[in-house]
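In: sequence first, then the predicted structure:
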Amino acid sequence: MGGGPSRRCRGGICRSEAKLDGKTVIITGSNTGIGKVTAKDMARRGARVIMACRDLTKAEAAATEIRLETGNESVVVEKLDLASLASVREFTTKINQQEGQLDILINNAGIMYCPPWKTADGFEMQFGTNHLGHFLLTNLLLDKIKASAPSRIVVVSSLAHESGRMYFDDVNLTNNYGPNRAYCQSKLANVLFANELARRLEGTDVIVNSLHPGVIETELQRNMAEGCGCTYTCCKCCFWCMVRSFGKSQWEGAQTTIHCAVDEQIEGSGLYFSDCVPKQPAPQGRDDVAAKRLWDLSEEMVGLKKD
């Protein structure tokens, strides 16, 4: 809906004209990149859009832009730092208390190729942010999502899951850290989480799917040079050449997320989408035993078993 590319589109396009009047949507990391494009699309469709972001200054600027461009005044910003379990709990407590419903949750935010940083709780940063933060967020909002059914949960993963494996004996990669290894593990965790959540929500009229948005130039790559040890010029130049040759614009990259959030034809849950159509994930992304093991481990790591 609107804002299309000027050149031939690379990848699928969401064709749904579904309106979201009266619906509430939460999008993590929506102050920039495909998250911002997604937020703008949801606002155009009439939704109440909650932009869950770490940087409030950037988020407020993005929200102002979205309100002006869409004419939708029901675009709000809430503080959420997925690298802090305390922040996730504070955010979900506020949402559960103040919001009457939650129709669509889009787990979009992420970090990529960073140095061996740790979250506020001591987890490896990419696994902690990309997976554990969203795992806790989703679980703490689940009652409201189920009560709002039919509803949807969209998990933004990546083609990188195909190169991933779960290091269950050292999930924080303390003994063998590599930025790419950590990123691919976190993106595999996204797929496994979505699959296991879909299984647990069978019969609830909540659809859960994961997706690969495509290769896109966004702020996700801001840590690439530092994380991989290359010079900034070399690393960014090589990546930009690849994006210009094979990649998508941010508008194009958001299309599969939007499709999974709104398309009326989607009835299946536990699917993996790319270019707005279901695709088969890698074999390790279809491992039900690993998905259950990851769920149990994640519950322990974020303290849900204690709840």
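Out: On my side now, so go ahead. Predicted model only: the values in this text are computed from it and were never measured.
In: identify the residue nearest the geometric centre of this structure.
Out: With distances taken as C-alpha atoms, centre = their mean, the residue of the chain nearest its centroid is Asn108 (2.2 Å).
In: helix or strand: which one has Val25?
Out: Taking DSSP states H and E as the definition, Val25 sits inside strand 24-28.
In: report the angle between the next helix or strand along the chain from that strand and strand 24-28.
Out: Proceeding N to C from strand 24-28, the next assigned helix or strand is helix 33-44, under DSSP H and E. Relative orientation of helix 33-44 versus strand 24-28 (axes from the mean of the first three to the mean of the last three C-alpha atoms, to 10 degrees): 170 degrees.
In: for Ile104, list the residues it contacts.
Out: By C-beta atoms under 8 Å, 6 or more residues apart in numbering, the residues touching Ile104 are 20, 23-26, 42, 47, 151-154, 261-262. From N, CA and C alone the C-beta is placed, and that goes for glycine too.
In: and if you look at Asp121?
Out: So Asp121 contacts Ser84, Leu85, Gly128 (C-beta under 8 Å, 6+ apart).
In: mind doing that once more with 6 Å?
Out: Leu85 (C-beta atoms under 6 Å, 6 or more residues apart in numbering).
In: for the one 10 residues further on, same thing?
Out: Applying C-beta under 6 Å, 6+ apart, one finds that His131 lies in contact with Ser186, Ala189.
In: where along the protein do the strands fall?
Out: With DSSP state E as the criterion, the chain has strands at 24-28, 48-53, 75-79, 104-107, 151-156, 206-212, 271-274, 277-279.
In: and these as CSV, adding mean pLDDT and distance to Gly122?
Out: Formatted as CSV, these follow (pLDDT from 0 to 100; distance: least, C-beta to C-beta, whole Å):
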stretch, mean pLDDT, distance to Gly122
strand 24-28, 99, 21
strand 48-53, 98, 23
strand 75-79, 98, 21
strand 104-107, 99, 22
strand 151-156, 98, 24
strand 206-212, 98, 26
strand 271-274, 98, 30
strand 277-279, 98, 35
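In: next, format the ones you listed as TSV and append distance to Thr119.
Out: Shown next, in TSV, are the strands of the chain (distance: least, C-beta to C-beta, whole Å):
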stretch	distance to Thr119
strand 24-28	15
strand 48-53	17
strand 75-79	16
strand 104-107	16
strand 151-156	19
strand 206-212	22
strand 271-274	26
strand 277-279	31
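In: I appreciate the help and will end here.
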